[in-house]
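**Student:** Quick one: sequence plus predicted model below, questions after.
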Amino acid sequence: MNYQGSQYNSPFPNINIIYGGSKQNEDDIEEYKNKEELLENPLYFLQKDENGSKIIQDLYKKLTPNEKNQIFNKIKSEIKELSKNEFANYFIVVLIEENDNEKINFIYNSLKDDLFEFSLDKHGTYVIQELLKKLDKKIIEELWDKFYNHCNNQNFEEKAFDQNLNHVLQIFIKRNKMNNNDRIYEKIINKFDVYSKDKYGCYIIQAFLTNCKDDHYNKIYNETCKKFKELIKHESGTYLIVFFLENDKNKDNHKIYGCLKGNVFNYSRDKNAILSIKKAYEKGTEEQRKQIIEEVINSDYIISLTKHEYGNYAVQHFLEYSDEKTRNILIEKIKSVKDIESDKSAKYVLKKIKELNNSKMSINKDHFRKLMIINSNI
């Protein structure tokens, strides 16, 4: 059968390919029944469209080792081309995920001379990222020197903040030995404002913080607290604060809670700072939560936040993570306001109250049911 040009009638339905490689719902993928044809012509199906690639991916996971080798032998001479293909790159990722060392080494050797260029490619970067997760740490160390020098010989931040290469650098940082990341620390600390206020720069900082010396971690933590007022209201900087609150390496993050003191109401109304407020309340100790809630609960602030387009999200979080006594006080204050149901933002808070009440009723019913079972067995 001739597969060239438009003479071949595709067995696949027409679908819209979404930029960025979004995968179709599996219900939309037709199953192709002729396995022998798939085994014989994987290159055609892989490169034709997203359905073709998805069918080969699904098939490959169900094949015998011999059948898998049959497909691999058909495509291995085209590894470089397939790794940059908008559809086929996902299949190369599947090959790597299978943890077959022989195939992983073949893919690596096929791409190693062009790893940097592939990392910058919007499709090739997915293959490189998965490959780096599987390679031996000794190879990672050798490659890291090449990647770092390649970036440094140009404009380091321009390359590091590239949306494709950035994710590759994150994996390098996480898999490196700590001392191999010292050069990244120098970049971050010397240009902290640049890194902390850029989306991809902030990703680099967070990756570094997961695999760095305690001294470096503490210095970046202190620098974050020093710039706190700028960062918490910044669209990228607030995520750095959230990172520290989530990881809690500094035990109780007392400096961050100190920075929040006296500013909870204002930060709760800011579209970026609200993320840090929510995380601070969620992760705080009993005393830290008390500090936060006391700034808003005994005043008109809680009503103002309930009616605010961003503040209502803070109130929902306060309700969810408060102890029962505090939650009841909040509910009483909110429901005491006349016509609160008519406010657009308050409706979300009232919905959260209803969800929490329903959840509590469900727990009580389960508890009662268990007691009945226990009593019936006595």
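**Tutor:** Alright, I've got the coordinates.
**Student:** Give the helix, strand or coil label for D162.
**Tutor:** Secondary structure, DSSP: H, G, I helix; E, B strand; the rest coil: D162 is coil.
**Student:** Please state the backbone phi and psi of it?
**Tutor:** The phi and psi values for D162, taken as degrees, to the nearest 10, are phi -70, psi 130.
**Student:** Skip the chain neighbours and tell me the closest residue to it.
**Tutor:** Spatially, and ignoring its direct neighbours in sequence, D162 is nearest to L120 (6.2 Å; Cβ to Cβ, 6 or more residues apart in numbering). For the C-beta atoms, the positions are set from N, CA and C on the backbone; glycine is no exception.
**Student:** got the contact list for the one you found?
**Tutor:** Contacts of L120 were listed using Cβ atoms under 8 Å, 6 or more residues apart in numbering, and they are D162, N164, L165.
**Student:** same thing with K333?
**Tutor:** Taking Cβ under 8 Å, 6+ apart, we find K333 in contact with I297, I302, I303.
**Student:** now those residues in JSON lines, with neighbour count?
**Tutor:** Listed next are the contacts of K333 as JSON lines, based on neighbours: other Cβ atoms under 10 Å:
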{"residue": "I297", "neighbour count": "16"}
{"residue": "I302", "neighbour count": "25"}
{"residue": "I303", "neighbour count": "19"}
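**Student:** okay, the residues you listed in a markdown table with distance to L350 next?
**Tutor:** Conversion of the contacts of K333 to a markdown table gives the following (distance: Cβ to Cβ, whole Å):
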| residue | distance to L350 |
| --- | --- |
| I297 | 18 |
| I302 | 14 |
| I303 | 13 |
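**Student:** These in helices, which ones?
**Tutor:** I297, I302, I303 (DSSP state H).
**Student:** any idea how far the residue nearest to the spatial centre of the chain is from K278?
**Tutor:** Taking Cα atoms, centre = their mean, the centroid of the chain lies closest to Y203, which sits 10.2 Å from it. Note on Y203: its distance to K278, by Cβ to Cβ, to the nearest Å, is 21 Å.
**Student:** ok, back up a step: just name the closest of the ones in helices among the contacts of K333 to E157, please.
**Tutor:** I302 (42.7 Å; Cβ to Cβ).
**Student:** Can you tell me the closest non-neighbouring residue to that closest one?
**Tutor:** I302 sits nearest to V296 (Cβ to Cβ, 6+ apart), 5.0 Å away.
**Student:** D114 too?
**Tutor:** Using Cβ to Cβ, 6+ apart, the closest residue to D114 is K80 (7.2 Å).
**Student:** other SSEs contacting the host helix or strand of the one you found?
**Tutor:** Element membership for K80 (DSSP states H and E) is helix 79-83. With contacts defined as 3 or more Cβ pairs under 8 Å, 6 or more residues apart in numbering; DSSP states H and E, the secondary structure elements packing on helix 79-83 are helix 42-48, helix 89-97, helix 101-111.
**Student:** contacts for stretch 149-163?
**Tutor:** Outside stretch 149-163, the residues that touch it by Cβ under 8 Å, 6+ apart are 116, 120, 165-166, 169, 187, 191, 194-195, 198-201, 204.
**Student:** JSON lines please, covering those and showing secondary structure, distance to K351 and pLDDT.
**Tutor:** Output for the contacts of stretch 149-163, formatted as JSON lines (DSSP: H, G, I helix; E, B strand; the rest coil; distance: Cβ to Cβ, whole Å; pLDDT from 0 to 100):
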{"residue": "F116", "secondary structure": "helix", "distance to K351": "50", "pLDDT": "94"}
{"residue": "L120", "secondary structure": "helix", "distance to K351": "45", "pLDDT": "95"}
{"residue": "L165", "secondary structure": "helix", "distance to K351": "42", "pLDDT": "95"}
{"residue": "N166", "secondary structure": "helix", "distance to K351": "37", "pLDDT": "96"}
{"residue": "L169", "secondary structure": "helix", "distance to K351": "41", "pLDDT": "96"}
{"residue": "K187", "secondary structure": "helix", "distance to K351": "45", "pLDDT": "97"}
{"residue": "K191", "secondary structure": "coil", "distance to K351": "44", "pLDDT": "97"}
{"residue": "V194", "secondary structure": "helix", "distance to K351": "41", "pLDDT": "97"}
{"residue": "Y195", "secondary structure": "helix", "distance to K351": "39", "pLDDT": "98"}
{"residue": "D198", "secondary structure": "coil", "distance to K351": "36", "pLDDT": "97"}
{"residue": "K199", "secondary structure": "helix", "distance to K351": "31", "pLDDT": "96"}
{"residue": "Y200", "secondary structure": "helix", "distance to K351": "36", "pLDDT": "97"}
{"residue": "G201", "secondary structure": "helix", "distance to K351": "37", "pLDDT": "97"}
{"residue": "I204", "secondary structure": "helix", "distance to K351": "38", "pLDDT": "97"}
